[in-house]
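>>> After the sequence you'll find the predicted model.
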Amino acid sequence: MMRKEDSYDLHAWDTVKGADFLADQDVVEFFVEHAPKELVRLEHLGCPWSRTPEGKISQRPFGGHSFPRACFAADMTGLVEMHTLYGRAITQENIKFYDEWFVTSIVVEDNIAKGLTAIEMRTGEMQALHAKAIIMATGGYARIYEFTTFSHTSTGDGMTIVYRAGVPLKDMEFVQFHPTGMIPQGVLITGGARGEGGYLINAEGERFMKRYAPEKMELAPRDIVARAETTEIQEGRGIEGPYGPYIALDLRHLGEDKINERLPLIRDVAIKLGGVDPVEDPIPIKPAAHYSMGGIHANIKTETLVSGLYAAGECSCLSAHGANRLGTNSTSGCLVFGFVAGEEAAKHALSSSFREVSNDKILAEETRVFDKILGGEGDERVPLIRDEMRRIMSEKVWVFRSGDDLEKALKELLELKRRFRDVRIEDKGRGFNTGLVEAIQLDFTLDLAEITVACALARTESRGAHTRRDYPKREDKNWLKHILAYYTKQGPRLEYIPVTITKWPPTMRAY
Ligand SMILES: Cc1cc2nc3c(=O)[nH]c(=O)nc-3n(C[C@H](O)[C@H](O)[C@H](O)COP(=O)(O)OP(=O)(O)OC[C@H]3O[C@@H](n4cnc5c(N)ncnc54)[C@H](O)[C@@H]3O)c2cc1C
């Protein structure tokens with residue numbers, strides 16, 4: 001039931017419960033207190049939020065929230081947030097943009113981040129950049145899957161880059177599957193469509209969520225809705241379509257005026273890419289890989305275990321989202337912890353000096369990228385290995401998992417990593433060599449897929465977005481802890497750290 005009044009504690013409780021109690025509660029409390037300030041800061045920078053009739057910033061219901069607290073800009077929230085920030089950033093003379101540069105590694109020596117290597121795409125030259133502080137903000141990695149809401153470039157590069165430099169990744173078994181990826185491409189139909197009152201319907205015309213989350217229905221957290229949809233499909237109640245069985249997202253009862261006002265992009269995208277006008281027909285959808293709860297292990301100040309190295313946004317795991325992120329908590333988290341990272345990194349830089357970077361590291365990186373990957377003369381191809389990785393992840397590491405499937409997935413991924421060593425890129429040129437970039441990205445994602453599977457195998461319980469058919473229950477006694485994955489040549493080495501509980505000990509999670 002929606003509450004009439006909101007509070008920090010209510011938002012924190014929704015987030016902690018949504019996270020299936022794996023979130024660090026000190027981080028959640030910090031986040032909910034700072035999120036409204038950041039939204040107002042964005043307003044002052046010119047963000048065109050949708051308004052109430054009285055002119056206040058409008059808010060709407062969203063999955064897992066017990067107050068309509070999602071600030072939005074029609075159905076283009078992330079887009080306008082990004083444009084507001086970018087538009088302001090390019091007016092600042094002391095910010096230099098390195099557009100069309102591709103980072104391949106960071107240089108860490110004596111546990112200090114000293115700089116990074118990047119390919120300047122125009123020339124194809126590798127450059128080394130010194131830095132007093134580095135903030136990783138390189139996004140998530142759901143492109144390890146086939147059916148995903150992510151853009152093609154979301155390959156989690158920054159996570160692998162720091163992992164290989166010795167920084168652990170945390171909670172990588174938790175990948176979020178969004179309930180409404182539009183068929184056939186996986187383009188996201190925002191949770192705002194259900195927030196405005198959209199229904200989910202199976203082949204029998206039933207609003208099946210009443211059997212899975214009788215109170216919250218379609219506005220239950222994403223892990224629960226994605227499991228419900230997958231169960232409906234697997235039990236034969238999906239609607240048959242040319243791309244396999246699907247679920248219908250019905251917006252027709254909202255009426256054309258409301259759809260045009262609140263969901264104009266969704267209507268446009270559904271018509272152009274899905275071939276349906278939601279005013280007249282339900283949109284065919286199913287779960288799509290959407291968000292990385294796991295990422296670079298960092299603390300509440302965004303500090304990693306390496307001095308001078310910070311992480312914020314989706315590539316990081318500060319543990320605000322635990323085992324399942326609530327919708328709207330990501331971009332607000334990016335704003336809150338992006339600000340923290342900026343402040344902390346600036347403080348660090350002001351009290352540090354540039355350090356010498358040994359040439360060996362840079363030469364080794366040039367050898368890896370240009371001699372081994374670009375110079376490779378084997379007979380393997382990047383798109384084939386990439387498709388194979390995505391097929392393995394989609395078949396064996398999806399919404400429901402099992403030990404057997406995960407074991408097989410790990411074996412097959414290791415074989416793909418072996419095959420990657422024989423990759424050949426046809427274009428041997430340097431300028432704008434996108435084939436080379438795709439090969440480097442594939443190399444990064446193979447590590448991330450392997451880590452995801454290794455952590456999913458280790459976690460013998462079901463929690464949030466990680467559901468094991470062979471271990472269907474949450475096991476707080478053994479598993480109320482985070483998994484850290486450290487790089488070794490033989491594969492990830494796992495360690496465990498406790499979850500921070502401040503006010504909300506774990507209880508049963510029902511909606
Ligand atoms: C379709 C869609 C809709 C969403 N809607 C919402 C929403 O309504 N509310 C919400 O809270 N969350 C939403 N999310 C989630 C949220 O948008 C993301 O979690 C968030 O935008 C991540 O921001 P980021 O800055 O961390 O990463 P990104 O926005 O992914 O940015 C990462 C940047 O790093 C760059 N980069 C990566 N690797 C390299 C490299 N090797 N060298 C150089 N540059 C590199 C990329 O090019 C990119 O510019 C949505 C996600 C998707 C996919």
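Perfect, thanks for sending it.

>>> Can you name the residues that contact residue 495?
By Cβ atoms under 8 Å, 6 or more residues apart in numbering, the contact list for residue 495 reads 168, 483, 484, 486. All C-beta atoms are positioned from the backbone trio N, CA, C, and that covers glycine.

>>> mind listing the strands for the stretch 151-300 of the chain?
169-170, 175-182, 187-188, 199-201, 247-250, 283-292, 295-297 (DSSP state E, counting those that start in this stretch).

>>> is it possible to export those strands to a markdown table including mean pLDDT?
Shown next, in a markdown table, are these (pLDDT from 0 to 100):
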| stretch | mean pLDDT |
| --- | --- |
| strand 169-170 | 98 |
| strand 175-182 | 98 |
| strand 187-188 | 96 |
| strand 199-201 | 98 |
| strand 247-250 | 98 |
| strand 283-292 | 98 |
| strand 295-297 | 98 |
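
>>> Please identify the deepest-packed of those.
strand 295-297 (a mean of 29; mean count of other Cβ atoms under 10 Å).

>>> what's the burial count for the closest residue in space to residue 192 that isn't next to it in sequence?
The shortest distance from residue 192 to any residue other than its chain neighbours is 5.3 Å, reached at residue 75 (Cβ to Cβ, 6 or more residues apart in numbering). When neighbours are counted by other Cβ atoms under 10 Å, residue 75 registers 25.

>>> now do residue 218
25.

>>> Which residue comes closest to residue 147 once chain neighbours are left out?
residue 186 (4.5 Å).

>>> Flag every residue of the chain that's near the ligand.
77-78, 102-103, 137-139, 149-150, 153-154, 157-158, 188, 190, 291, 313-315, 328-331, 334 (Cβ under 6 Å from any ligand atom).

>>> from those, which would you call buried?
In the residues of the chain next to the ligand, burial by neighbour count holds for 77, 102-103, 137-139, 149-150, 154, 157-158, 188, 190, 291, 313-315, 328-331, 334, counting by 16 or more other Cβ atoms under 10 Å.

>>> Relative to the ligand, which residue of the stretch 301-450 of the chain is the closest?
residue 313 (2.3 Å; Cβ to the nearest ligand atom).

>>> got a pLDDT number for that residue?
Listed pLDDT for residue 313 reads 98.

>>> my guess is it meets residue 137, correct?
Yes - using Cβ atoms under 8 Å, residue 313 makes contact with residue 137 at a distance of 4.6 Å.

>>> Name the residues contacting each of these two.
334, 338.

>>> circling back to that earlier point, strands - which of the buried ones among the residues of the chain next to the ligand land there?
Those of those mapping onto strands are 102, 103, 188, 291, per DSSP state E.

>>> picking up where we left off before, so who does the residue of the stretch 301-450 of the chain closest to the ligand touch?
Neighbours of residue 313 in contact, by Cβ under 8 Å, 6+ apart: 137, 138, 139, 333, 334, 337, 338.

>>> If we use 6 Å, what do you get?
Going by Cβ atoms under 6 Å, 6 or more residues apart in numbering, residue 313 touches 137, 334.

>>> Which residue, other than its chain neighbours, is closest to residue 309?
Nearest to residue 309 is residue 113, by Cβ to Cβ, 6+ apart, at 3.9 Å.

>>> buried sites along the host helix or strand of that neighbour?
Secondary structure from DSSP states H and E places residue 113 in strand 112-120. Residues of strand 112-120 classed as buried under the neighbour-count rule (16+ other Cβ under 10 Å) are 113, 114, 115, 116, 117, 118, 119.

>>> Please state the mean pLDDT value computed over it.
97.

>>> What separation do you get for residue 197 and residue 85?
As for residue 197, its distance to residue 85 is 31 Å (criterion: Cβ to Cβ, to the nearest Å).

>>> ditto for residue 147
29 Å.

>>> rewinding a little: contacting residues for the residue nearest to residue 309?
Residues in contact with residue 113, defined by Cβ under 6 Å, 6+ apart, are 106, 134, 306, 308, 309.

>>> re the thing from before, ok, so of the buried residues of strand 112-120, who is nearest the ligand?
residue 118 (6.6 Å).

>>> Would you confirm that that closest one contacts residue 103?
Yes - using Cβ atoms under 6 Å, residue 118 is in contact with residue 103, at 4.6 Å.

>>> Out of the contacts of residue 495, name the ones that lie in helices.
The helices in this structure, assigned by DSSP state H, contain none of those.

>>> Give me the neighbour count for residue 95.
9.

>>> Spell out the secondary structure type for it.
coil (DSSP: H, G, I helix; E, B strand; the rest coil).

>>> Can you tell me how far the spatially closest residue to it that is not a sequence neighbour is from residue 222?
Distance criterion Cβ to Cβ, 6+ apart; nearest residue to residue 95, sequence neighbours excluded, is residue 89 at 5.6 Å. In this view, residue 89 and residue 222 are 31 Å apart by Cβ to Cβ.

>>> Also residue 117?
The value you get for residue 117 to residue 222, if Cβ to Cβ is used, is 37 Å.

>>> same check, this time on residue 108
35 Å.

>>> pretty sure residue 57 is touching residue 71, no?
Yes - assessed by Cβ under 6 Å, residue 57 is found in contact with residue 71 at 5.3 Å.

>>> hey, what's in contact with both of the two?
Joint contacts of residue 57 and residue 71 (Cβ under 6 Å, 6+ apart) are residue 49.

>>> Show me which of these two is the more surrounded one.
Using other Cβ under 10 Å, the more surrounded residue of residue 57 and residue 71 is residue 71, with 22 against 17.

>>> Quick check: pLDDT value at that one.
96.

>>> which helix of the protein spans the most residues?
Ordering each helix of the chain by length in residues (DSSP H) puts helix 434-458 first.

>>> measure residue 401 to residue 409 for me?
9 Å.

>>> With respect to residue 47, which of the strands of the stretch 151-300 of the chain lies nearest?
strand 187-188 (20.3 Å; Cβ to Cβ).

>>> Could you spell out the sheet neighbours of that closest one, each with its direction?
Using DSSP bridges, strand 187-188 pairs in its sheet with strand 175-182 (antiparallel).

>>> Which residue is the nearest non-sequential neighbour of residue 225?
Residue 225's closest residue in space is residue 179 (Cβ to Cβ, 6+ apart), at 4.0 Å.

>>> how about the host helix or strand of residue 343 as PDB, C-alpha atoms only?
Element membership for residue 343, per DSSP H and E: helix 329-350. Extracted in PDB, the C-alpha atoms of helix 329-350 (Å, rounded to 0.1, in the frame of the first residue of the first chain):
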ATOM      1  CA  ASN A 329      17.900   4.300  -7.000                       C
ATOM      2  CA  SER A 330      20.600   4.100  -9.600                       C
ATOM      3  CA  THR A 331      20.800   7.500 -11.200                       C
ATOM      4  CA  SER A 332      20.100   9.100  -7.800                       C
ATOM      5  CA  GLY A 333      22.900   7.000  -6.400                       C
ATOM      6  CA  CYS A 334      25.200   8.100  -9.300                       C
ATOM      7  CA  LEU A 335      24.400  11.700  -8.300                       C
ATOM      8  CA  VAL A 336      25.000  11.200  -4.600                       C
ATOM      9  CA  PHE A 337      28.200   9.100  -4.800                       C
ATOM     10  CA  GLY A 338      29.400  10.900  -7.900                       C
ATOM     11  CA  PHE A 339      29.500  14.000  -5.800                       C
ATOM     12  CA  VAL A 340      31.300  12.200  -2.900                       C
ATOM     13  CA  ALA A 341      33.800  10.700  -5.300                       C
ATOM     14  CA  GLY A 342      34.500  14.100  -6.900                       C
ATOM     15  CA  GLU A 343      35.100  15.700  -3.500                       C
ATOM     16  CA  GLU A 344      37.200  12.900  -2.100                       C
ATOM     17  CA  ALA A 345      39.300  12.600  -5.200                       C
ATOM     18  CA  ALA A 346      39.900  16.400  -5.300                       C
ATOM     19  CA  LYS A 347      41.000  16.400  -1.700                       C
ATOM     20  CA  HIS A 348      43.400  13.600  -2.400                       C
ATOM     21  CA  ALA A 349      44.800  15.200  -5.500                       C
ATOM     22  CA  LEU A 350      45.300  18.500  -3.700                       C
END
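
>>> Alright, that wraps it up for me.
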